[in-house]
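J.: just the structure for this:
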Amino acid sequence: MKIAVLKNEENSHLFAIQKESKFYACSSIPTLTDAFRLTLAEFREQVESSTGHEVNGELVAPITPEIELWGAGVTYLRSRDARKEESGVPDVYQRVYEADRPELFYKGNARRTRGTNTPIGIRYDSAASVPEPEVAIFINRFREIIGYSICNDVTARSMEGENPLYLSQAKMYVGSAALGPYMLPSWLIPVPAETTIAAKIIRDDKSIWDASTSLASLNRSLSDLVDYLFRCQEFPDGVILSTGTGIVPPLEIALAQGDIVEITVAGIGTLSNSVIKIPESP
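T.: Residues are numbered from 1 along each chain as shown. Below is the predicted model of the structure:
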């Protein structure tokens, strides 16, 4: 069982329960936003007891206009090393990796987030951009993790490497985030060591890079990330947090228009996106 968001003529963000190859409505949870307003116990009870009718629609990113998407950085050792390699000021990445306070940043919203099988973007003015395969956690208004999904935190690597103060431009632009294909309820997620994360870049039908890790390699606890994210912040409709990447392509690998990025997380599925170049005026 997984949670999907469908788009059809009646609802552009329909909450649906996916069982095998079919989707079913949940009358008590019309949209994903309504799920984020429930406690974890309420959410689980309503999902597991739902007997909704079968529904159809286009599978879209599991996010709604009310929900923000945030990101965490330098949460894996490999991410720390990669940031240090590409940066002109590597000390800041070492310091945040070792610090109590994590790196957190606003990544986007529903309008900027792509679903599976839709194009992600690389900036025209970045010499090198890379995918960042991550596990995203869905956090309700009560600070409880209700689900997990896959996020591709696409990053203009050369831009961030030039100066960390360019982070917002490197991370937040049209097509810089993909999410999905589903949300797995938190009570069904495998243990961290079994929550494997694998990614590949396909170019001209050939894999030019692939790597894998697991959620067990995360340097910070999820509860710690949630705690810092909610400090001095309000998320009345919940929030999605992408928890950082543990696999980063080497410096000689960069995304190009026409590439396909596939990210697979055990228990959730595969997020697949083609790559296009984003011009100065999209």
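J.: quick check: next helix or strand after the helix or strand of the chain with the lowest mean pLDDT?
T.: Every helix and strand of the chain was ranked by mean pLDDT, DSSP states H and E. The lowest is helix 77-86, at a mean of 55. The first helix or strand that comes after helix 77-86 along the chain, using DSSP states H and E, is helix 91-98.
J.: state the mean pLDDT of that next one.
T.: Mean pLDDT, computed over helix 91-98, is 81.
J.: immediately after that helix, which helix or strand?
T.: strand 103-108.
J.: tell me the angle of that following strand relative to helix 91-98?
T.: Interaxial angle, strand 103-108 versus helix 91-98 (axes from the mean of the first three to the mean of the last three C-alpha atoms, to 10 degrees): 100 degrees.
J.: surely residue 71 meets residue 153?
T.: Yes. With contacts counted by C-beta atoms under 8 Å, residue 71 reaches residue 153, the gap being 5.4 Å. From N, CA and C alone the C-beta is placed, and that goes for glycine too.
J.: shared neighbours of the two, which are they?
T.: Overlap of the contact sets of residue 71 and residue 153 (by C-beta atoms under 8 Å, 6 or more residues apart in numbering) consists of 107, 134, 171, 242.
J.: just the buried residues from those residues, in PyMOL please.
T.: PyMOL command restricting the shared contacts of residue 71 and residue 153 to the buried ones, with burial defined by 16 or more other C-beta atoms under 10 Å:
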select buried, resi 107+134+171+242
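J.: can you list the shared contacts of residue 71 and residue 153 in TSV and add distance to residue 66?
T.: Output for those, formatted as TSV (distance: C-beta to C-beta, whole Å):
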residue	distance to residue 66
107	16
134	22
171	21
242	18
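J.: and of the shared contacts of residue 71 and residue 153, the nearest to residue 269?
T.: Checking the shared contacts of residue 71 and residue 153 against residue 269 with C-beta to C-beta, the nearest one is residue 134 at 14.5 Å.
J.: what sits against the closest one?
T.: Contacts of residue 134 (C-beta under 8 Å, 6+ apart): 71, 150-153, 197, 242-245.
J.: so where do the helices sit in the stretch 101-250 of the chain?
T.: Counting by DSSP state H, counting those that start in this stretch, the segments of the stretch 101-250 of the chain that form helices are 157-162, 167-171, 222-229.
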